[in-house]
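>>> mind looking at a prediction? Sequence and model below.
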Amino acid sequence: MSTNCQAIPVPATTPALGDAHRWKVLAVGVAANASFSAAANGMPTTAIWLRSGYHLSNTELGVALGAMGLGVALSELPWGMATDRWGDRPVLLTGLLGTMLALLTLLLWITPADGAVPPLWALAAGLALVGVLGGSVNGASGRAVMRWFGPRERGFAMSIRQTAVPLGGGLGALVLPSLASRYGFMPVFGALALICGLSAFFTWRWMHEPDLSAEAATGPHNAPTGLMKDQATSPLKNRRVWRMVAAIGLLCVPQFAVLSYATVFLHDDGHLGLAGITAVMVALQAGAMVMRIWSGRHTDRHANRPAYLRGSALVALATFMLLGMAAACDAPGWLLMAAVVVAGIAVSAWHGVAYTELATEAGGANAGTALGMANTAVYVGLFLTPIAIPHLLAASSWPVVWWLAGLVALLARPLFPKA
């Protein structure tokens, strides 16, 4: 941390576009993230049909579901650094249009048709390419929100932006399983490509950089805050940033455990059908959206982001212990559904708060790099978690899987900063 910090203006408004334009920028960020989240978090809800349609074992299914996470993990930091260098608009446009083309490639050449089933390596490579290109949306849109909104709005705005993850996942859970079960995976990839194309259009129309001139930086929203740190202090050399990155990555592991395998758990262990599974995943994502917005507003008002984050790890631990107990006691289907929803919401509510705290620590000029670091850790978890769960299941049972996920959440607690 440098002690000789020179404040740089991080305006919430620009005279050319007007104060209200920041809400359009936020809307673009939500749309871009929701588009990719529909693929990253929506595809796992088709796990049952992915397994049967591509003739996969549980282990091979884990490789396929993890491939997109691997792609994002490899590309997040480069995308974040590119955003800090060239801005949000070109990075988002490149990423969204590239993701659309990758999904169209899957649609045209890597879907089961006429009895022919594409090999696992082709499916995994295609999904990994979607991840590499789609990873652009995370750091870019998050950096834009931090630059457009004032210090008293950033937690709320970033939490709204982070609702895009459950929003896209919820839409994916609502639509993709029905498409996959009835029509196969061509319409699945086609629907995902369409929404990426629409988000690219809105990005082209509304995503602009704020005016960083001295004249534009005199408003009340632009008072110096912790976001304005020395531009020369790289997040890559900041130990506090690295600790938060590790904490965010660990706390995402139980979230991905639910998102990746809750449908398989509810189908195989709870004996639920399509309607029940869809209802659970949509309720989980809707609840996560509400809690993310509440969390951002709550921590803005009380200035307690560090304490909230440390408490979130304990809440996640408690809910996953309860989920494991429900699975161990052979609870009825409705109770398993409720336990999955509660655990999934609890381990998803903290995202906007954590990303705001991380970007504030890194500084406005380096927010894209810091968010790229965090998303690399997040998507390493998305890659490894689906691969690890089948092996844990083979060696133990579902209760053990959920209990271990809760313990991973607990490991994140001491890594978050104290108040």
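Okay, I see it. On a predicted model such as this, the values are computed, not experimentally measured, just so you know.
>>> alpha carbons only for contacts and neighbour counts from here, please
Noted.
>>> surely residue 122 and residue 110 touch.
Yes - under the criterion of Cα atoms under 8 Å, residue 122 makes contact with residue 110 at 6.8 Å.
>>> of those two, who's got more company?
Taking residue 122 and residue 110 together and counting by other Cα atoms under 10 Å, residue 110 has the greater number of neighbours (24 against 15).
>>> would you list the phi and psi of the more buried one?
Torsion angles at residue 110 (phi, psi; degrees, to the nearest 10) stand at phi -130, psi 50.
>>> show me where the chain has strands.
Under the criterion DSSP state E, the chain carries no strands.
>>> ok, residues contacting stretch 241-251?
Counting by Cα atoms under 8 Å, 6 or more residues apart in numbering, the neighbours of stretch 241-251 from elsewhere in the structure are 235-236, 313, 347, 354, 358, 361-362, 370, 373-375, 377-381, 408-413, 415-417.
>>> count of neighbours near residue 407?
Here the count is done by other Cα under 10 Å, and residue 407 has 20 residues near it.
>>> which residue packs closest to it, ignoring adjacent ones?
Leaving aside its chain neighbours, residue 407 sits nearest to residue 317 (6.3 Å; criterion: Cα to Cα, 6 or more residues apart in numbering).
>>> report the contact partners of the one you found.
With contacts defined as Cα under 8 Å, 6+ apart, residue 317 is in contact with 405, 406, 407, 409, 410.
>>> gap between the residue lying closest to the second one once chain neighbours are set aside and residue 157?
Closest residue in space to residue 406, ignoring its immediate chain neighbours: residue 317 at 4.2 Å, by Cα to Cα, 6+ apart. Counting by Cα to Cα, to the nearest Å, the gap between residue 317 and residue 157 amounts to 27 Å.
>>> residue contacts, the residue nearest the centre of the chain?
Here the mean C-alpha position of the chain is nearest to the C-alpha of residue 165 (Cα atoms, centre = their mean), at a distance of 5.0 Å. If you count contacts by Cα under 8 Å, 6+ apart, residue 165 has them with 33, 34, 37, 38, 41.
>>> same thing but 10 Å
For residue 165, the contacting residues are 30-38, 40-42, 138, 285, 288-289, 348, 351, by Cα atoms under 10 Å, 6 or more residues apart in numbering.
>>> okay, now the unreliable bits of the stretch 151-300 of the chain?
By pLDDT under 70, the weakly predicted segments of the stretch 151-300 of the chain are 211-232.
>>> the helices in the stretch 301-419 of the chain, which residues?
Counting by DSSP state H, counting those that start in this stretch, the stretch 301-419 of the chain has helices at residues 305-328, 333-346, 351-362, 367-395, 398-412.
>>> and residue 354, how far is that from residue 389?
The span separating residue 354 from residue 389 equals 26 Å under the rule Cα to Cα.
>>> for these two, indicate the residue with more neighbours.
Under the neighbour definition other Cα under 10 Å, residue 354 and residue 389 were set side by side, and residue 354 has more, 25 against 22.
>>> neighbours around the closest residue to the more buried one other than its chain neighbours, how many?
For residue 354, ignoring the flanking residues on the chain, the nearest one in space by Cα to Cα, 6+ apart is residue 309 at 6.8 Å. Number of residues near residue 309 (other Cα under 10 Å) recorded here: 28.
>>> spit out the contact partners of residue 309.
The contact partners of residue 309, taken as Cα under 10 Å, 6+ apart, are 247-248, 251, 295, 299, 315, 349-351, 353-354, 357, 412-413, 415-418.
>>> go with 7 Å
Taking Cα atoms under 7 Å, 6 or more residues apart in numbering as the definition of contact, the neighbours of residue 309 are 350, 354, 416.
>>> try residue 323
The contact partners of residue 323, by Cα under 7 Å, 6+ apart, come to 339, 340, 402.
>>> how far away is it from residue 83?
The gap separating residue 323 from residue 83 is 40 Å, by Cα to Cα.
>>> try residue 348
Distance of residue 348 to residue 83, computed by Cα to Cα: 26 Å.
>>> quick one: neighbours of residue 77, just the number.
Here the neighbour count serves as a burial measure; for residue 77 (other Cα under 10 Å) it reads 24.
>>> burial measure for the closest residue to it other than its chain neighbours, as a count.
Computed as Cα to Cα, 6+ apart, the closest residue to residue 77 that is not its neighbour in sequence is residue 372, at 4.3 Å. Look at residue 372: counted by other Cα under 10 Å, it has 32 neighbours.
>>> what about the stretch 1-150 of the chain, any weak spots by pLDDT?
Under the criterion pLDDT under 70, the flagged ranges of the stretch 1-150 of the chain are 1-19.
>>> isn't residue 372 up against residue 76?
Yes - in this structure, residue 372 is within contact of residue 76 by Cα atoms under 7 Å, at 4.8 Å.
>>> okay, stretch 313-320 in CSV with CA atoms only?
As requested, C-alpha coordinates have been extracted for stretch 313-320 and formatted as CSV (Å, rounded to 0.1, in the frame of the first residue of the first chain):
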residue,chain,number,x,y,z
ALA,A,313,-18.9,-17.5,5.5
LEU,A,314,-20.5,-18.7,8.8
VAL,A,315,-24.0,-18.5,7.4
ALA,A,316,-22.9,-20.6,4.4
LEU,A,317,-21.3,-23.2,6.7
ALA,A,318,-24.5,-23.5,8.8
THR,A,319,-26.8,-23.9,5.8
PHE,A,320,-24.6,-26.6,4.2
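>>> now do it, average pLDDT.
Throughout stretch 313-320, pLDDT has a mean value of 97.
>>> what separates that stretch from the chain centre, distance-wise?
For stretch 313-320, the distance from its own C-alpha centre to the chain's C-alpha centre is 19 Å (Cα atoms, centre = their mean, to the nearest Å).
>>> the nearest residue to residue 270 once chain neighbours are set aside: neighbour count?
For residue 270, the nearest residue in space outside its immediate sequence neighbours is residue 333; the separation is 5.2 Å by Cα to Cα, 6+ apart. By other Cα under 10 Å, 18 other residues sit near residue 333.
>>> residue 333 and residue 265, how far apart?
Applying Cα to Cα, the value for residue 333 to residue 265 is 11 Å.
>>> now do residue 40
Counting by Cα to Cα, the gap between residue 40 and residue 265 amounts to 19 Å.
>>> of those two, who's got more company?
Neighbours per residue, other Cα under 10 Å: of residue 40 and residue 265, the larger number sits with residue 40, 30 against 18.
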